[in-house]
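A.B. asks: model this:
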Amino acid sequence: PASLLETIAQELFVAESPDNGSSEESNTPSYDVHVINAVVMYVGVSAVAQAGRDSAVASQMVNSAHMDVFVALARRLRPQGRYMLLNAMANQLRYPNSHTNYFSSTLLQLFVKCSDNELILEQITRVLLERLVVNRPHPWGLMITFIELVKNNKQYNFWSHSFTVSDPEVRRLVESVARSCVGPAQLNNIPTGSAK
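C.D. replies: Prediction:
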């Protein structure tokens, strides 16, 4: 129900930062990162447990009520809360297992289901890139998620979004990270189209 999702989104919001310092930032709205992490973990574990070992069910995990929760939160949270939500999801992109597979598929499906909101797509990309620009080794789940996003342009339309084409410096960074993940030969046909 929409009211439950709205309540969850509101409960993640903290009126003031718990930091009681005298700086201006101490009075800025904030989100409880521990609650966000707990919600992400609970929803993910519930989805994987519900799917069990049935591969037919496992492939449909991203088309479930669990996915609806993530889509609703991504759409309802303010940018700061959404950034924390996406980071909590990216924290689950680790070694090969059903949990990593679920969160990889969920982030990719968020990219599809929220394709009408460039800010959400940009934040998903930012969260993945922030983890990939640091020195290796990178977690397996993080790599396969980013590789799928940049290679499967027909499904995700990654290279035509405004945040990948509007700033040449950002474009070079994304291309550089993409090439380091999948190899230069596999990304020779990156579209050079203009923004939407």
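A.B. asks: and residue 123, that's in a helix?
C.D. replies: Yes: counting by DSSP: H, G, I helix; E, B strand; the rest coil, one finds residue 123 located in a helix.
A.B. asks: Report how many residues lie close to it.
C.D. replies: 21 (other C-beta atoms under 10 Å). All C-beta atoms are positioned from the backbone trio N, CA, C, and that covers glycine.
A.B. asks: who are the neighbours in contact with it?
C.D. replies: Applying C-beta atoms under 8 Å, 6 or more residues apart in numbering, we find residue 123 in contact with 79, 82-83, 86.
A.B. asks: Residue 61: which of these is nearest?
C.D. replies: Nearest to residue 61 among those, counting by C-beta to C-beta, is residue 86 at 18.2 Å.
A.B. asks: what's the distance between residue 99 and residue 81?
C.D. replies: 23 Å (C-beta to C-beta, to the nearest Å).
A.B. asks: just residue 183 next, same as before
C.D. replies: Residue 183 is 36 Å from residue 81, by C-beta to C-beta.
A.B. asks: which of those two has more neighbours?
C.D. replies: Counted by other C-beta under 10 Å, residue 183 and residue 81 do not tie: residue 81 has more neighbours, with 22 against 11.
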